[in-house]
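**Student:** Output the structure for:
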Amino acid sequence: MLDQRMQDAFNKQINWEFYSGYLYLSMASKFADTGMSGGQSWMTVQYQEELAHARIMFTYVLTRGGRVLLEAIEKPEADWPSGLAMFEEALAHEEGVTARIHDMASLALELKDHATYNFLQWFIAEQVEEEETAMDMVQKFKMAGEHPAGLYQLDKELATRVYAAPSPLVALDAAAGA
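**Tutor:** Numbers count the residues shown, from 1 in each chain. Presented below is the predicted three-dimensional model:
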């Protein structure tokens, strides 16, 4: 059974993962509005990943005998001056997510909840990748600047990203026979 403090932390993080999805879907909409369908596609994949993270945590809480309490999801920003600004916000957002996951891992250690600490290791590694990807895109947008040809090429690169279900979600679906 999950300690109440750990359950509360998961409930807050599940809400934050859904908010993250909203944020990235809002960015997808803004990219679509600016005619960058590759950026729209990239952010839509990011949205799907955030929902998968929420689902993995949701299932973990239930597996440990806890209760998930869903709260209202905060309204995300809807307008950015550029693709660079979106990716700079995405990077800052992911750094915040990393801090939240680290706090959860520290709480798990404090509670001597080794199962949860082990569970969170996948998310810790995932956040390294999330931050690296966002940093890479910030650098590429800075290189492209406001040059139409550079932005066109970058948009083509953004369009190549495809969603792949995270391994913990694949395992959950396999166990459920989905």
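
**Student:** Now do the same contact list for residue 144.
**Tutor:** Taking C-beta atoms under 8 Å, 6 or more residues apart in numbering, we find residue 144 in contact with 150-151, 153-154. Every C-beta, even on glycine, is put in place using the N, C-alpha and C of the backbone.

**Student:** which residues touch the residue most central in space within the chain?
**Tutor:** What sits nearest the mean C-alpha location of the chain, by C-alpha atoms, centre = their mean, is residue 50, with 3.9 Å. Going by C-beta under 8 Å, 6+ apart, residue 50 touches 17-18, 20-21, 24.

**Student:** Name the SS class of residue 68, please.
**Tutor:** coil (DSSP: H, G, I helix; E, B strand; the rest coil).

**Student:** That one reaches residue 61, doesn't it?
**Tutor:** Yes. Using C-beta atoms under 8 Å, residue 68 is in contact with residue 61, at 5.1 Å.

**Student:** In terms of packing, which of those two has more residues around it?
**Tutor:** With neighbours defined as other C-beta atoms under 10 Å, residue 68 and residue 61 compare such that residue 61 has more, 20 against 16.

**Student:** can you pull the contacts of residue 142?
**Tutor:** So residue 142 contacts residue 84 (C-beta under 8 Å, 6+ apart).

**Student:** Please disregard the earlier target; I meant residue 151.
**Tutor:** Shown in contact with residue 151 (C-beta under 8 Å, 6+ apart): 36, 83, 144.

**Student:** Mind checking which of those land in helices?
**Tutor:** Residues from those lying in helices, with DSSP state H as the criterion: 83, 144.

**Student:** Let me have the contacts of residue 151 in CSV, extended by pLDDT and distance to residue 176.
**Tutor:** Output for these, formatted as CSV (pLDDT from 0 to 100; distance: C-beta to C-beta, whole Å):
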residue, pLDDT, distance to residue 176
36, 97, 37
83, 97, 38
144, 95, 43
